[in-house]
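Peer 1: Just to be clear, the model below is a prediction. Sequence and coordinates:
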Amino acid sequence: MSSFLPALPTIVALVKIGLLVGGLMTAAAYLVLVERWMAAWVQDRKGPNRVGIPLTKVRLFGLGQPLADGLKIILKEDFTPKHVDKVLYTAAPLVILAASLAIFAAIPFGSSLPPIPALGLTGEEPLLVAPGLDVGVLWVFALSSIAVYGVLLGGWASNNKYGFLGGLRSSAQLVAYEIPLGLGLLGVVLAAGSLKLDTIMNAQADSGVWYAFAQPLGFIVFLVASFAEAARLPFDLPEAEQELVGGYHTEYSGIKLLLFLVAEFLHMVTAAFLIVIMFLGGWHLWGVTGSGPVETWVVALVRFAVLSAKILGVILFFMLVRWSWPRFRFDQLMNLAWKVMLPLGLANLVTVATIEEFRPQLVAALGDGMGRTVALVAPWVVFFVGWIAAGLLTPSGTDNTPILTHGPLDVEHELAET
Amino acid sequence: MKPTDPSITWLEEKPLGLAERLYLPLFVSGLTTTARHLVSPKVTVSFPEQRPQVGNPLIYRGVHRLNRDEAGRVKCVACFLCATACPAHCIDIVATESPWPDREKYPESFQIDELRCIFCGMCEEACPVDAIELTSLLDLTGKSREEMIFDKEKLLSVYDMTKDAEPAKSTALGGTL
C-alpha cells in the first residue's frame, strides 16, 4: 500500500508548496485591497467598503472586494491584438508569474514546526519548501532576474511604442539597481557567512543584533534598490501611467494582465520578505522570540506571527511611500543608482569586510564587550560620513535650460539656416 | 518660440540647502504629510445612506419645476423665452389661448427633456414671470428615456414636492413678483 504513495518528504514538500502558493495568491488579492484602502485614506477618501459576502447585504468593510476584482478581470475578454508576436506575447505573463512564484522555494515563511510523530515527522520541520538549498540567496537573485525577462518580453512582443519604452526602461532600471541590491546583500552574506536565508535569520536571532543596526548603510542601499527592483513608486518608470499608458502591459487585457499584476505584487512581497529576513531579524523579536530549537506549537506560531507582522509592516511602508514621493526622472534614477547607491554600497561592503576580518583581533585587543561595541559603532560612523558626503556631492539645483547643440541632430539649427 | 528667444526669462531655482541635500528632512516631511492624511477625517459622502449637503439651494441647479401662483394655476405664460434661451433645445412648449383673464396665453403642454438638459440655468434666468426654476434635487434617475421627458404635470408635481423646503426663489433673491 505504502509503495504506491510517494515518499514522505515529497508529500511534505507538496503540502508546503500548496500552502505557500495558496497563501501568496490570497495575500496578493488582499494586498490589492489594502493598497486601494491606503490610496483612498491618504487622499482623504473612504476606499472600497461595499462588497461583503456575495448575495447578502453583509458588507464586512469591503473584505469581499478581492473576489469581485478577481472575477471581473478573469471574465473580461482575453484580447490578443493582431500585431503582436503571439508566442512571446503569451509566454511573457507566464514567465514572470512562474519566476516570481518559484523565488519562494528558497524563502522561509516561518521558523519551523515542532516534530509531529503521528505523521512520521520526527525532526523539526522547517517552513521552507527547499530546506536543503545551500545557495538560497543566489536562487532568489537568479529568479528575480528571470522575472525581468517577463517584463522585457511583454514589452517587446506587444509591438507597441509604449510597451516597448516600458520594457526598455525596465531593463535599464533593473540592470542598474541589481548592483546596489547585490552590494547591500553581500554585506549580510559576509557577516552571516552563509547564502542560506534561514541561516542568515538564525545568525541575527543568536546575536540579537539585526543587520539593519549592524550595517545601516547596507540596509538603506538594499531598501532603495529593492523599491526599484519591485518597480514601486518612486521608481515605477517602467509602467508610468501618465507617460506610457501602462508601460510594458499596455497591450494586455483580461487574465494575462491579471498575471502581470499579481506578479508585480509578488515582487513587492518578495522584496518585503528579503528586507525582513536579511535586515530586520526575520522571526526574531527581543523578549518575544529568541533563538533555539522549536519545541512547542506556541513557539512556532509566535515566530510565524512575528515574521508575518514584520512583513506586513514593510509592505505598508511600501504603500505609504507610494503616496509620499513623486516619480524620479530617468536621469535622476540613473544618477541615484550609479553615483550614490553604488559608492555607498561599496563603502558598506568594505566596512563590513574589514570588521569581519579583524573581529578576532579586535575582541582580543579590547575585550569582548568593547570589541563588539566598536564593531557596532564603526558602521554607523561610516554611515553618517557616507550619507553627508553623498549629500554634499549632489547638485544643489537643477538646470532646466535646454542644451543648444549644433550637432548633426540639431534640426532646428538646420531649419533656421535654410 | 525658440529657447533662445529674448522674450523668455529663464528663472533660477532656489538652491537647496545642506539639510535638503541630505534628503532626510524632505523624507520626513513627505512621510508625515501622507501619514497625517491617512488618519485625517474623510470627505467622502456615502451617497445612498447619506445625502450630500447642497451648499446654497438658491443658486443650486438641479431638477426643474414649474411654479404655481396663489390660485394654484401654472404661472407660465407660454412666452417661449426659456425655450429660446435654452442652449440644449430641451424645452418644448405648446401654447394656447388662456382661459383666464389675467394673461393671453398659457402652456397647453410643457415638456423638458431632462436627458438633453445641461442644467445651465438659462431658462430660469430668462423667465419673466419666475415660472420655471431649478430646485436642489440632485439625484435624477429613470428607467427609460421616455420617463426622463418631464411633462407639465410632472414639473408641477416637482413644485408641489419642493415648495415647502424651497419657496419661490425670486422673493428670496430680491425679486418683485
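Peer 2: Yep, that arrived. Quick caveat: nothing in here was measured; it's all calculated off a predicted structure. Numbers count the residues shown, from 1 in each chain, chains lettered A, B, ... in the order given.
Peer 1: in chain A, which ranges drop under the pLDDT threshold?
Peer 2: A:1-5, A:396-418 (pLDDT under 70).
Peer 1: Following the record's annotation, map out the domains of it.
Peer 2: Domain assignment for chain A by automatic domain parsing gives A:1-75, A:80-114+A:125-328.
Peer 1: burial measure for residue 132, as a count.
Peer 2: In the absence of a named chain, chain A is used. 8 (other Cβ atoms under 10 Å in any protein chain shown). All C-beta spots, glycine's among them, are computed from the backbone N, C-alpha and C.
Peer 1: nope, chain B
Peer 2: 23.
Peer 1: Setting aside sequence neighbours, what's the nearest residue to A:Ile315?
Peer 2: A:Ala272 (4.9 Å; Cβ to Cβ, 6 or more residues apart in numbering or on different chains).
Peer 1: Can you say which helix or strand has the one you found in it?
Peer 2: Following DSSP states H and E, one finds A:Ala272 within helix A:254-279.
Peer 1: Can you point out the buried residues in that helix?
Peer 2: Residues of helix A:254-279 classed as buried: A:256-279 (neighbour count, 16 or more other Cβ atoms under 10 Å in any protein chain shown).
Peer 1: Kindly report the residues of chain B close to chain A.
Peer 2: Chain B comes close to chain A at residues B:2-4, B:10, B:12-18, B:21-23, B:30-31, B:33-35, B:37-44, B:46, as judged by Cβ under 8 Å from any Cβ of the partner chain.
Peer 1: Confirm that B:Ser109 sits in a strand.
Peer 2: Yes: counting by DSSP: H, G, I helix; E, B strand; the rest coil, one finds B:Ser109 located in a strand.
Peer 1: if I pick it, what's in contact with it?
Peer 2: B:Asp92, B:Ile93, B:Val94, B:Asp151, B:Lys152 (Cβ atoms under 8 Å, 6 or more residues apart in numbering or on different chains).
Peer 1: got TSV for those, with distance to A:Asp85 too?
Peer 2: Shown next, in TSV, are these (distance: Cβ to Cβ, whole Å):
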residue	distance to A:Asp85
B:Asp92	57
B:Ile93	62
B:Val94	64
B:Asp151	60
B:Lys152	64
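Peer 1: my guess is A:Gly47 meets A:Trp41, correct?
Peer 2: Yes: between A:Gly47 and A:Trp41 there is a contact under Cβ atoms under 8 Å: 6.4 Å.
Peer 1: So which residues of the stretch 1-150 of chain A form strands?
Peer 2: Assigned by DSSP state E, counting those that start in this stretch, the stretch 1-150 of chain A shows strands spanning A:112-113, A:125-126.
Peer 1: Pairing partners for the last one, with directions?
Peer 2: If you go by DSSP bridges, strand A:125-126 pairs up with strand A:112-113 (antiparallel).
Peer 1: What are the contacting residues of the partner strand?
Peer 2: For strand A:112-113, contacts defined as Cβ under 8 Å, 6+ apart pick out A:Leu121, A:Glu124, A:Glu125, A:Pro126, A:Leu127, A:Val294, A:Trp297, A:Ala300.
Peer 1: And what about B:Thr4, helix, strand or coil?
Peer 2: Classification of B:Thr4 using three-state DSSP returns coil.
Peer 1: Skipping its backbone neighbours, what lies nearest A:Leu88 in space?
Peer 2: A:Ala157 (3.6 Å).
Peer 1: Wait, the one you found touches A:Thr80, no?
Peer 2: No: using Cβ under 8 Å, A:Ala157 is not in contact with A:Thr80, being 10.5 Å away.
Peer 1: Can you get me a residue count around residue 123?
Peer 2: I'll assume chain A. Using other Cβ under 10 Å, the number of residues around A:Gly123 comes to 11.
Peer 1: my bad, the chain I had in mind was chain B
Peer 2: Residues near B:Cys123, counting by other Cβ under 10 Å: 24.
Peer 1: Point me to the helix or strand that includes it.
Peer 2: Residue-wise, B:Cys123 maps onto helix B:122-126 under DSSP H and E.
Peer 1: How far away from the center of its chain is that helix?
Peer 2: Its chain's C-alpha centre and that of helix B:122-126 lie 12 Å apart, by Cα atoms, centre = their mean, to the nearest Å.
Peer 1: Return the mean pLDDT over that helix, rounded to an integer.
Peer 2: Averaging pLDDT along helix B:122-126 yields 90.
Peer 1: Now do that helix: everything it contacts.
Peer 2: Looking at what lies outside helix B:122-126 - Cβ under 8 Å, 6+ apart - the contacts are B:61, B:64, B:81-87, B:91, B:132-134, B:169.
Peer 1: now do 7 Å
Peer 2: B:Leu81, B:Cys82, B:Ala85, B:Cys86, B:Pro87, B:Ile91, B:Ile132, B:Glu133, B:Leu134 (Cβ atoms under 7 Å, 6 or more residues apart in numbering or on different chains).
Peer 1: Show me the beta-bridge partners of the last one.
Peer 2: Beta-bridge partners recorded for B:Leu134 (DSSP bridges): B:His64.
Peer 1: for A:Gly155, what are its contacts?
Peer 2: A:Gly163, A:Phe164, A:Gly166, A:Gly167, A:Ser170, A:Tyr248.
Peer 1: Tell me how far the most centrally placed residue in chain A lies from A:Ser100.
Peer 2: The residue lying closest to the centre of chain A (Cα atoms, centre = their mean) is A:Ala271, at 1.6 Å. Distance, A:Ala271 to A:Ser100, using Cβ to Cβ, to the nearest Å: 11 Å.
Peer 1: Now do the phi/psi pair for the most centrally placed residue in chain B.
Peer 2: Geometric centre of chain B, nearest residue: B:Arg61, 2.3 Å, by Cα atoms, centre = their mean. The phi and psi values for B:Arg61, taken as degrees, to the nearest 10, are phi -120, psi 90.
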